[in-house]
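> model this:
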Amino acid sequence: MFQAYINIFVIFSLMFIGYWLSYKQWFSNRTADTFSKLVLNVSLPANMFLTIIKNFTKDEFLSLVSGMIIPLLSMMITYFAGYLWRRFTQVEAKHQGAFSAMFTFSNTIFIGLPINLAIFGEKAVPYVLLYYIVNTTLFWTIGIFELAKDNPDFGEARISFHPLVMLKKIFSPALIGFIIGLIWMLFTLPLPSFVDGLGSYLADLTTPLSMFIIGIIVYFGGLKNLRMTKDIAGVLFGRFVLSPLVVWLLSRIIPVPELMLSVFIIQASMPVQNSVPILVRNYQGDEEFATSCLGYSVLLYMVYLPVLLFFFF
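Here you go, the predicted structure:
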């Protein structure tokens with residue numbers, strides 16, 4: 001476990017480097033956009049493709065699919081709990097949708113993948129992706145619907161939400177890379193050395209670029225602009241307490257392999273998705289609230305994660 005703490009320190013050091021280089025004006029908001037595109041469209045698909053080929057057999061993978069029931073049920077329960085929370089605590093009307101989306105859905109790739117790799121190694125990646133598939137599917141359906149409701153003109157926001165856009169987001173390059181790797185593995189096709197070498201180099205970009213992105217977002221979000229409110233505290237409770245607790249409780253009813261459960265708990269406790277403030281801006285919602293939630297969740301996560309590991313692992 002000591003080595004896991006060292007690995008986590010290395011991961012967060014990458015985030016601080018991204019923050020520092022943003023302060024030195026080496027990085028800008030556009031840099032974060034470029035890095036995001038590189039991760040989502042190039043390095044992450046390569047990572048998913050190689051991981052499923054190198055770490056799993058057909059029988060091993062088929063045994064994993066049933067485990068998706070825990071992420072699915074946990075997110076639905078957390079979403080319902082968030083709905084009750086916002087009603088009984090009188091969450092401000094202007095950001096109720098953003099509250100529900102951030103209360104329920106986590107940052108499964110830009111922070112989730114590097115952290116799980118640091119703690120559990122490459123064997124965790126397929127479990128990370130299983131959680132990611134469920135998280136992404138529900139976010140781009142239920143989550144987007146909630147964000148759209150914060151638009152002052154909700155009728156227009158609802159019209160602008162198109163199923164094809166949703167499908168494009170769900171079937172992301174990362175998921176497509178996973179599917180291709182799955183087909184490759186199921187048919188036991190040989191892996192050319194050129195593809196293996198090139199893919200490995202691209203896959204290795206995922207962790208540093210992901211953490212640079214988080215550092216850039218935190219810097220340009222502005223630490224001095226962060227303001228704690230009861231609604232932000234509610235989002236943090238959903239992310240750091242309720243969501244992982246629900247996963248753990250479900251595992252008492254639905255047995256899953258130990259490593260799968262560990263990854264699911266870590267994934268469930270991730271900070272707010274870094275895309276939420278951008279989407280809130282697009283839907284003309286409360287961008288300041290979304291940005292503050294993201295900033296607080298990322299910063300507090302550095303203290304929270306060691307505590308989580310101590311109690312659960």
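> Who are the contact partners of Ile216?
For Ile216, the contact set (C-beta atoms under 8 Å, 6 or more residues apart in numbering) comprises Gly18, Tyr19, Ser22, Phe27, Ser28, Asn29, Thr31, Ala32, Phe35. For glycine as for every other residue, the C-beta is placed from the backbone atoms N, C-alpha and C.
> and what of Val125?
Val125 neighbours (C-beta under 8 Å, 6+ apart): Asn47, Met48, Thr51, Ile52, Asn55, Leu113, Asn116, Leu117.
> Check Thr31 too.
Ser22, Ile216.
> Give the helix, strand or coil label for it.
Classification of Thr31 by DSSP: H, G, I helix; E, B strand; the rest coil places it in helix.
> how near is it to Thr141?
31 Å (C-beta to C-beta, to the nearest Å).
> Pull the distance from the helix ranked longest in the chain to the chain's centre.
Taking DSSP state H as the assignment, the helix of the chain that covers the most residues is helix 287-312. Computed by C-alpha atoms, centre = their mean, to the nearest Å, the chain-centroid distance of helix 287-312 equals 13 Å.
> Summarise which helices and strands it is packed against.
On a contact count with 3 or more C-beta pairs under 8 Å, 6 or more residues apart in numbering; DSSP states H and E, helix 287-312 meets helix 2-23, helix 96-104, helix 206-221, helix 230-237, helix 243-253, helix 258-268, helix 276-282.
> Tell me which residues are up against the fifth one.
Contact with helix 243-253 is made by 70-71, 73-74, 77-78, 81, 104, 106, 261, 264-266, 268-269, 308, 312, as judged by C-beta under 8 Å, 6+ apart.
> For Val276, which non-adjacent residue is closest in space?
Ala290 (5.1 Å; C-beta to C-beta, 6 or more residues apart in numbering).
> Thr104 too?
Computed as C-beta to C-beta, 6+ apart, the closest residue to Thr104 that is not its neighbour in sequence is Tyr79, at 4.4 Å.
> So, low pLDDT: which residues of the stretch 101-250 of the chain?
Counting by pLDDT under 70, the low-confidence segments of the stretch 101-250 of the chain come to 153-170.
> Where do the helices of it begin and end?
Counting by DSSP state H, counting those that start in this stretch, one finds helices in the stretch 101-250 of the chain at the ranges 112-120, 125-138, 144-149, 154-160, 163-170, 173-186, 193-203, 206-221, 230-237, 243-253.
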